[in-house]
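1. Build me a model from this:
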Amino acid sequence: MARFAYFAGIDWGSETHQVCVVDSDGQTLGERAFGHSGAGLAEMADWLLTTTNAQPHDIGVAIEVPHGPVVETLMERGFTLHAVNPKQLDRFRDRWSPAGAKDDRRDAWTLADALRTDGQAFRRLDPQAPEIVELREWSRIASDLSRDQTRLVNRARQQLWRYYPQFLKLESNLARPWVRELWNLASTPEKARRIRARTVASLLKRHRVRRISAEDVLERLREPAVSLAPGTTQAAVAHLQVVWSQLALTNQQLTRAYREMDRLTAAVSGSEEESGTPGQRDVDILKSLPGIGRIVLATLLAEAHDAVSRRDYQALRCLCGVAPVTRRSGKSVIVVRRLAAHNRLQDAVYHWAAVATQHDAISKAKYAALRARGHRHARALRSVADRLLKVACAMLENRTLFDPGLKRQVRPA
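-> Down below sits the predicted model:
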């Protein structure tokens, strides 16, 4: 870690940010609160320079939250920022307050002093390329939209089950556009009895649906309807009209999010090509791995860009939650699941491993062996993901694409 002449700690808040500055001997030079605004953050940066009478690169800044306007403003001014896990900050605080006392001023001072004495426990924050910042935001937007889509589909399914259960036999994924358009044509069993097969056939052809014919659609929709109390059908139809309109907008926004993710992923790959580094590009290497698709690739590049750039396998497995936690005391040894992990990376590698077990023979065999030993599904997938991360780091180090037959090659004696 670089040596600094001064150390600042920032206790981040929604309205005000408490700042404390200490020198290399631990003496407090000043402390002050700044409002969360453009003028307040600019004043914070100026105050740090005035209080220390030093250049930005001589001041180490410690903060809990590794992102946001405070981080971006100070990095733009040339300060070197370091992030620490809130759990670690809690332990640092206990060194000076065994009784558990806590306030903003104490936290700011603890951050500054801990960076001075235990800088190795902090993670340095480096400026990231604009493509990575945008990709991270679009991947999160896509994740939120996907959850919204699932919520709306569940609402639609509940209403159809309420008055029109035969409609549910047509398609399990109610988010598909042709399902919504078919419902507009036959929103009730009475309308389904009046619709013509030619109209349904035209709809299926327009959406390229071949697994079911127009005759099969009409046969299922015209099954005996559920006997309902007066007004139930009208109420359910009104509810579904609102849900379908929201679902149409969500699908449109999700399509745009996926398009932006593809564009930004290509931009990241292009920036690697411009750097002139020999060998395969990181994006192409990760994309060649079995089980990695658009969403997993974007999540790895956006949420774990620093670890991927460093080829840091240990950091990646901790961030993704696949590294277990061992608690050893005397003769007692307990291995438990790691809960302190990045939620988005955790979900991404879970689905990555699940798909890899279907398309990669080694991953499939590893999963089967773990299940045979009595491990549960999620536990087995975490081990599969752990191996995939190790393979990915090795490929990134060697700058080679994934070769599924490499492990089966017999080496000469």
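
2. What's the end-to-end length of stretch 306-319?
-> Stretch 306-319 has an end-to-end distance of 11 Å (criterion: CA to CA, to the nearest Å).

3. Ok, stretch 336-350 next?
-> One end of stretch 336-350 to the other measures 17 Å (CA to CA).

4. how far out from the middle of the chain is that stretch?
-> 10 Å (CA atoms, centre = their mean, to the nearest Å).

5. what's it in contact with?
-> Applying CB atoms under 8 Å, 6 or more residues apart in numbering, the set of residues contacting stretch 336-350 from outside is 85, 87, 139-140, 143, 295-296, 299-300, 303-304, 318-325, 327, 378-379, 381-382, 385, 388-389. From N, CA and C alone the C-beta is placed, and that goes for glycine too.

6. got the contact list for Asp23?
-> 5-7, 29, 52 are the contacts of Asp23 under CB under 8 Å, 6+ apart.

7. Greatest separation within those residues: which pair is it?
-> When CB to CB is used, the two most widely separated members of the contacts of Asp23 are Ala5 and Leu29, lying 10.9 Å apart.

8. Overlap of the contact sets of the two?
-> With contacts defined as CB under 8 Å, 6+ apart, the residues shared by Ala5 and Leu29 are 23, 52.

9. Please list only the buried members of the contacts of Asp23.
-> Among those, those scoring as buried are 6-7, 29, 52 (criterion: 16 or more other CB atoms under 10 Å).

10. coming back round to it: out of the contacts of stretch 336-350, which sit inside strands?
-> 325, 327 (DSSP state E).

11. Show me what the helix or strand containing Val19 pairs with in its sheet, parallel or antiparallel.
-> Using DSSP states H and E, Val19 sits in strand 16-23. Applying DSSP bridges, strand 16-23 is found paired with strand 6-11 (antiparallel), strand 28-35 (antiparallel).

12. Number of residues surrounding Arg337?
-> Other residues lying near Arg337 total 13 when counted by other CB atoms under 10 Å.

13. can you check Glu303 too?
-> Around Glu303 sit 22 other residues, with neighbours defined as other CB under 10 Å.

14. looking at the strands paired with strand 16-23, which is buried most?
-> Across the strands paired with strand 16-23, averaging neighbours per residue (mean count of other CB atoms under 10 Å) puts strand 6-11 on top, at a mean of 26.

15. Need the residues that contact it.
-> Outside of strand 6-11, the residues within contact range by CB under 8 Å, 6+ apart are 17-24, 29, 48, 52, 54, 58-64, 70, 104-105, 107-116.

16. From the centre of the protein outward, give me the first residue you hit.
-> The centre of the chain sits closest to Arg344, judged by CA atoms, centre = their mean, with a distance of 2.7 Å.

17. Name the helix or strand for that residue, please.
-> Here Arg344 sits within helix 343-359, counting by DSSP H and E.

18. The next helix or strand after that helix to helix 343-359, inter-axis angle?
-> Per DSSP H and E, helix 343-359 leads on to helix 361-372 as the next helix or strand towards the C-terminus. Inter-element angle recorded for helix 361-372 and helix 343-359: 100 degrees (by axes from the mean of the first three to the mean of the last three CA atoms, to 10 degrees).

19. Return the distance of helix 361-372 from the chain's centre.
-> Distance of helix 361-372 from the chain centroid (CA atoms, centre = their mean) equals 26 Å.

20. CA atoms only for it, dumped as PDB, please.
-> The C-alpha trace of helix 361-372 is given here as PDB (Å, rounded to 0.1, in the frame of the first residue of the first chain):
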ATOM      1  CA  ALA A 361     -19.200 -32.900 -19.400                       C
ATOM      2  CA  ILE A 362     -16.700 -32.200 -16.600                       C
ATOM      3  CA  SER A 363     -19.100 -29.800 -14.800                       C
ATOM      4  CA  LYS A 364     -21.900 -32.400 -15.100                       C
ATOM      5  CA  ALA A 365     -19.700 -35.200 -13.700                       C
ATOM      6  CA  LYS A 366     -18.600 -33.000 -10.800                       C
ATOM      7  CA  TYR A 367     -22.100 -32.100 -10.000                       C
ATOM      8  CA  ALA A 368     -23.200 -35.800 -10.100                       C
ATOM      9  CA  ALA A 369     -20.300 -36.800  -7.800                       C
ATOM     10  CA  LEU A 370     -21.200 -34.100  -5.300                       C
ATOM     11  CA  ARG A 371     -24.800 -35.100  -5.300                       C
ATOM     12  CA  ALA A 372     -23.800 -38.700  -4.800                       C
END
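
21. tell me what that helix is packed against?
-> If contacts are counted by 3 or more CB pairs under 8 Å, 6 or more residues apart in numbering; DSSP states H and E, helix 361-372 sits against helix 343-359, helix 377-398.

22. coming back round to it: next, the buried residues of the strand holding Val19.
-> By neighbour count, with 16+ other CB under 10 Å as the criterion, the buried positions of strand 16-23 are 17-23.

23. swap in stretch 377-386?
-> Burial within stretch 377-386, assessed by neighbour count using 16+ other CB under 10 Å, is assigned to 380-386.

24. Now distance to Arg194 and pLDDT too, for these, in a markdown table please.
-> Output for the buried residues of stretch 377-386, formatted as a markdown table (distance: CB to CB, whole Å; pLDDT from 0 to 100):
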| residue | distance to Arg194 | pLDDT |
| --- | --- | --- |
| Ala380 | 52 | 96 |
| Leu381 | 49 | 96 |
| Arg382 | 54 | 95 |
| Ser383 | 57 | 95 |
| Val384 | 53 | 96 |
| Ala385 | 53 | 96 |
| Asp386 | 58 | 96 |
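
25. Dump those residues into CSV; add distance to Tyr367 as well.
-> As requested, the buried residues of stretch 377-386 are arranged in CSV below (distance: CB to CB, whole Å):
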residue, distance to Tyr367
Ala380, 5
Leu381, 7
Arg382, 11
Ser383, 8
Val384, 5
Ala385, 10
Asp386, 12
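
26. which among those gets closest to Val209?
-> Distances from Val209 to these, taken as CB to CB, are shortest for Leu381 (32.6 Å).

27. other SSEs contacting whatever helix or strand Ser146 lives in?
-> Per DSSP H and E, Ser146 falls inside helix 130-163. With contacts defined as 3+ CB pairs under 8 Å, 6+ apart, the secondary structure elements packing on helix 130-163 are helix 232-275, helix 294-303, helix 343-359.
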